[in-house]
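Visitor: sequence and computational prediction follow.
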Amino acid sequence: WRTILLKTSAGPVAVTDSQGSGPALLLVHVGLGSLLWRDLITELAPGFRCVTLDAPGTGRTSAFAAGISLATAADAVTAVLRTLDLRHVTLAVHDLGGPAGISAAAREPDRVAAIAAINTFAWRPTGIAFRGMLAVMGSGLVRESDAWTGWLPWLISTRFGVGRQLGRPERRAFRAVIDRDGRRAFHRYIADARRNDQLFQETEAALRGPLADRPLLTVFGQRNDPLNLQPKWKALFPGAVQHTVAGGYHFPMCDAPAQVADHVRTWHTAHVTRT
């Protein structure tokens, strides 16, 4: 694999490219960095060109001058699509990578052949539970408590987060990557998801417009869809192929990377691969 700092008009973006010769797969997560895709890329790289990135303010990408927002994350994803000239790409999105990735796809719909939605959404959050969670997790109090104590990376590194397949040294390494500024960026992204109505207008229009005919795969953890996001995807894309990972939580690609990779390969062969 090769990791480079890709120069963009907004600033350098850290991009990891497996450089495979197969179909392009762009994996987008926003908030914690690209390391959480590692095991899934290991499974898929023999048959796909897997590309992923650290969103602004996370991992090895510094915050853009425009600040931390889903819009700046979408700028970074768009830059990767254009600069690497990715075409007929399958866009795999997780968590806040959904809004950012779909916003980028709305700008470059002709490059996106299919969408794989993994425990994610791409529409304006509604309802007391959804908006309340974003308000709490995006608040200054929670942000600064995490910045100074690191309780969130510790929690996410456990088996209830990304850690089911990780040993103790790997869990420590994961926590070390998310420094104080990175933890602040995570909570700022969550706060932006509650208020960035303009971005969600763009994503919703794209899902009902230029992206509406794209093949869609959804993979959710069995124990982590309290907001019923997977049925919403099915309502938007009636032909969607949907899977749940038994006993899985918010990071099914970390809980069961081989299983999720098999879902991606099978779906891609049946619905995406050019004939």
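Guide: Received, thanks.
Visitor: quick one: buried residues of stretch 194-204?
Guide: Using 16 or more other Cβ atoms under 10 Å as the burial criterion, the residues of stretch 194-204 that qualify are 194-196, 199-200, 202-204. Every C-beta, even on glycine, is put in place using the N, C-alpha and C of the backbone.
Visitor: which residues touch it?
Guide: Here stretch 194-204 makes contact (Cβ atoms under 8 Å, 6 or more residues apart in numbering) with 69-71, 74, 99, 102-103, 106, 122-125, 131, 134-135, 138.
Visitor: return the two entries of those residues that lie farthest from one another.
Guide: Across the contacts of stretch 194-204, the longest distance by Cβ to Cβ is 26.1 Å; it joins Ala106 and Ala135.
Visitor: of these two, who's got more company?
Guide: Remark: of Ala106 and Ala135, Ala106 carries more neighbours, 22 against 15, as counted by other Cβ atoms under 10 Å.
Visitor: mind checking the SS state of the residue positioned nearest the centre of the chain?
Guide: In the chain, the centroid-proximal residue (Cα atoms, centre = their mean) is His29; its distance is 2.4 Å. Remark: His29 carries the secondary structure label strand [criterion: DSSP: H, G, I helix; E, B strand; the rest coil].
Visitor: these two touch, right, it and Gly98?
Guide: No. With the criterion set as Cβ atoms under 8 Å, His29 and Gly98 do not qualify as a contacting pair; they are 9.4 Å apart.
Visitor: what sits up against the helix or strand hosting Cys50?
Guide: Under DSSP states H and E, the secondary-structure element containing Cys50 is strand 49-53. Residues from elsewhere that reach strand 49-53, judged by Cβ under 8 Å, 6+ apart: 6, 13-29, 34, 37, 41, 44, 61, 76-77, 80, 84, 86.
Visitor: how about 6 Å then?
Guide: Outside strand 49-53, the residues that touch it by Cβ atoms under 6 Å, 6 or more residues apart in numbering are 13, 15-18, 20, 22, 24-27, 34, 37, 41, 44, 80.
Visitor: same thing with stretch 103-113?
Guide: Contacts with stretch 103-113, where a contact means Cβ under 6 Å, 6+ apart, come from 74, 77-78, 81, 86-89, 91, 199, 202-203, 206, 210-211, 272.
Visitor: which residues in this structure form helices?
Guide: The residue ranges that make up the helices of the chain, judged by DSSP state H, are 38-44, 70-83, 97-107, 128-137, 140-149, 151-156, 168-177, 180-195, 197-208, 229-236, 252-255, 257-271.
Visitor: for the record, mean pLDDT for the shortest one?
Guide: So that's helix 252-255. Averaged over helix 252-255, pLDDT sits at 98.
Visitor: swap in the third one?
Guide: For helix 97-107, mean pLDDT is 98.
Visitor: report the angle between the axes of it and helix 197-208?
Guide: Put simply, helix 97-107 runs at 70 degrees to helix 197-208, going by axes from the mean of the first three to the mean of the last three Cα atoms, to 10 degrees.
Visitor: sorry, back to before: check contacts around the residue nearest to the centre of the chain.
Guide: The contact partners of His29, by Cβ under 6 Å, 6+ apart, come to 94-95, 97.
Visitor: top of these by number of neighbours, please.
Guide: Within the contacts of His29, most neighbours by other Cβ under 10 Å means Gly97, with 32 neighbours.
Visitor: so that one touches Val28, yeah?
Guide: Yes. Gly97 lies in contact with Val28 (Cβ atoms under 6 Å); the separation is 3.8 Å.
Visitor: picking that back up, ok, the residue nearest to the centre of the chain to Gly161 distance?
Guide: His29 sits 13 Å away from Gly161, going by Cβ to Cβ, to the nearest Å.
Visitor: repeat for Phe130
Guide: The value you get for Phe130 to Gly161, if Cβ to Cβ is used, is 20 Å.
Visitor: now swap in Ala122 and tell me
Guide: 22 Å.
Visitor: the two: who's more crowded?
Guide: The neighbour comparison of Ala122 against Gly161 (other Cβ under 10 Å) goes to Ala122, with 29 against 22.
Visitor: residues in contact with that one?
Guide: The neighbours of Ala122, taking Cβ under 6 Å, 6+ apart as the test, are 98-99, 102, 203.
Visitor: confidence score at it?
Guide: 98.
Visitor: cool, and Gln19?
Guide: With respect to pLDDT, Gln19 has a value of 89.
Visitor: I appreciate the help and will end here.
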